[in-house]
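Trainee: Okay, here's the prediction I keep looking at, along with the sequence it came from:
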Amino acid sequence: MRPVWAAGRPEMTEELFRDFWWLMFPVFGMVMAILGAVRNGAYQDRVIRDARENLERN
Amino acid sequence: MSFEELFRDFWWLMFPIFGMGMGLLGMISSERRSREVMNVIKSYVDQGKEVPPELLRMAQSDWEAPAQPQQRAPNSNLWSFFTFAAIAAGFSVAWWYVRGELWSISFLVVAVTFGVLAFGALVIAITSRRS
């Protein structure tokens, strides 16, 4: 019997998860790649900003 | 066609779309940062001041974060060979078990690709040791 909250929704969760559970690993890798790119970009932006502020200060 | 059918047919598209998105974003942000770095370096030079070494490092085309040094260990190509060979062997076994299925060709493609990469890494490892 389907739970109350699932009433009216298409049946897909369990079977879909059984077939594609392994996708969580590449998806995790993609998320980590995005986080790494964001951190790397933030570091480079900070270096540029510091250099510009240092130039304006002196 | 429901979402589930669509997902089952085209789930693999997430990888090339992700690669294209990351490539596009990387290209755009890299171009913007290169322009900013060159402007700041030009300002430093115009005022006769010493350019910060981080900026000079960023101006190099193969710049990476300082925590990731560029030096490669001499055995890294040999390790690449073993890694690629292991992945190729794993996908070959996977293809062998499901070779009767129509979609087993995808396993074979990955196995052949990593086999070629393993062969290339082995050749580079051998030739770089001689030189």
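Mentor: Ah, there it is.

Trainee: Quick check: residue A:40 vs residue B:24, distance?
Mentor: 16 Å (CB to CB, to the nearest Å). For every residue, glycine as well, the C-beta is placed using N, CA and C.

Trainee: and the closest residue to chain A within chain B, what element?
Mentor: Residue of chain B nearest chain A, by CB to the nearest CB: residue B:4 (4.2 Å). For residue B:4, the element it lies in under DSSP states H and E is helix B:3-10.

Trainee: Show me what counts as buried in the next helix or strand along the chain from that helix.
Mentor: Next in sequence after helix B:3-10, counting helices and strands by DSSP H and E, comes helix B:14-46. For helix B:14-46, burial by neighbour count (16 or more other CB atoms under 10 Å in any protein chain shown) applies to B:18, B:29, B:33, B:36-37, B:40-41, B:44.

Trainee: show me which of those neighbour chain A.
Mentor: Filtering those for proximity to chain A by CB under 8 Å from any CB of the partner chain leaves B:18, B:29, B:33, B:36-37, B:40, B:44.

Trainee: Columns pLDDT on top of those residues, output as TSV?
Mentor: Below are those laid out as TSV (pLDDT from 0 to 100):
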residue	pLDDT
B:18	93
B:29	91
B:33	91
B:36	92
B:37	91
B:40	92
B:44	92
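
Trainee: From these, pick the one nearest residue B:77.
Mentor: Residue B:77 lies nearest to residue B:18 out of those, by CB to CB, at 27.5 Å.

Trainee: Please give the number of neighbouring residues around the closest residue to that closest one other than its chain neighbours.
Mentor: Nearest residue to residue B:18 in three dimensions, chain neighbours excluded: residue A:30, at 5.3 Å (CB to CB, 6 or more residues apart in numbering or on different chains). By other CB atoms under 10 Å in any protein chain shown, 16 other residues sit near residue A:30.

Trainee: next one: residue A:25
Mentor: Applying other CB under 10 Å, I find that residue A:25 has 9 neighbouring residues.

Trainee: what does residue B:104 give?
Mentor: Applying other CB under 10 Å, I find that residue B:104 has 15 neighbouring residues.

Trainee: what kind of secondary structure is it in?
Mentor: Following DSSP: H, G, I helix; E, B strand; the rest coil, we place residue B:104 in the helix state.

Trainee: what sits against it?
Mentor: If you count contacts by CB atoms under 8 Å, 6 or more residues apart in numbering or on different chains, residue B:104 has them with B:95, B:98.
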